[in-house]
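Novice: Following is a predicted model, sequence given first.
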Amino acid sequence: VEELRDTDNLFFEICNEPDPPHIAGYTNLALLMIECMARAEAHRLKLGLFALNAGTPEWNEIQAIVNTGVFGRAKQGGHIFCVHEGTFERPIDEGFNGTIPGSPVVAGAGTQCFRHRYFYHLLIPRNEVVPVVVTEWYGGYQNQGLTADQVKGRVAWYDREFARKPYSMAFCPFTL
């Protein structure tokens, strides 16, 4: 562990696809992330927070998370935001530039891919932007009979769109 502590770009993803019930559940999840950051920093470690599942959370839950100040705290400690995104058995751009229930229109956001941009719509004015890493990206390339060129096209589309935002750090294809 001593060797790892000197690495600035090593992050520990601390949960996988949490989906607590309702606003109160997401508020408590964010408060848990704040506590985890404090404990990690005591050991000079950095965290990848949340790792939210594709298609979650909803707009009112996003607002509740942001309103806890978890991202301001993450920025202070040098932590990152992790999400899982993609489409399953559907076109890769399905829902792109769409809205989720109750949300404003956010250019470049989507219901499946780029749902994290709803967070940044709130984080940018608050000066609480941290890098985002899509630690699992599923492009719908398994069991669909897609050709290698079609798969390459899906990855290229996502890569081009993802790179447009300065807070985008990386995305990791899942089971490619």
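Specialist: Thanks, I have it.
Novice: Buried residues, stretch 123-142. List them.
Specialist: Buried residues in stretch 123-142, counted by 16 or more other Cβ atoms under 10 Å: 123, 128-141. Using the backbone N, CA and C atoms, a C-beta is placed for each residue, glycine as well.
Novice: mean confidence for that stretch?
Specialist: The predicted model gives stretch 123-142 an average pLDDT of 91.
Novice: Kindly export it (C-alpha atoms) in PDB.
Specialist: Coordinates of each C-alpha in stretch 123-142 appear next as PDB, following Å, rounded to 0.1, in the frame of the first residue of the first chain:
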ATOM      1  CA  LEU A 123     -21.900  21.500 -10.800                       C
ATOM      2  CA  ILE A 124     -20.500  24.000 -13.200                       C
ATOM      3  CA  PRO A 125     -22.300  27.100 -11.700                       C
ATOM      4  CA  ARG A 126     -21.400  25.800  -8.200                       C
ATOM      5  CA  ASN A 127     -17.700  25.600  -9.200                       C
ATOM      6  CA  GLU A 128     -17.800  21.900  -8.000                       C
ATOM      7  CA  VAL A 129     -16.600  20.200 -11.200                       C
ATOM      8  CA  VAL A 130     -14.500  17.000 -10.700                       C
ATOM      9  CA  PRO A 131     -13.300  14.700 -13.500                       C
ATOM     10  CA  VAL A 132     -15.700  12.000 -14.600                       C
ATOM     11  CA  VAL A 133     -14.700   8.500 -15.500                       C
ATOM     12  CA  VAL A 134     -17.100   6.100 -17.100                       C
ATOM     13  CA  THR A 135     -15.700   3.000 -15.500                       C
ATOM     14  CA  GLU A 136     -18.100   0.700 -17.300                       C
ATOM     15  CA  TRP A 137     -19.300   1.600 -20.800                       C
ATOM     16  CA  TYR A 138     -21.600  -0.800 -22.600                       C
ATOM     17  CA  GLY A 139     -22.100  -0.100 -26.200                       C
ATOM     18  CA  GLY A 140     -24.600  -2.900 -26.900                       C
ATOM     19  CA  TYR A 141     -22.100  -4.800 -28.900                       C
ATOM     20  CA  GLN A 142     -22.700  -8.300 -27.500                       C
END
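Novice: Nearest to residue 72 among the buried residues of stretch 123-142?
Specialist: residue 128 (4.4 Å; Cβ to Cβ).
Novice: which SSE is residue 154 in?
Specialist: Per DSSP states H and E, residue 154 falls inside helix 148-162.
Novice: buried residues in that helix?
Specialist: Result for helix 148-162 [16+ other Cβ under 10 Å]: buried residues 151, 154-155, 157-158, 161-162.
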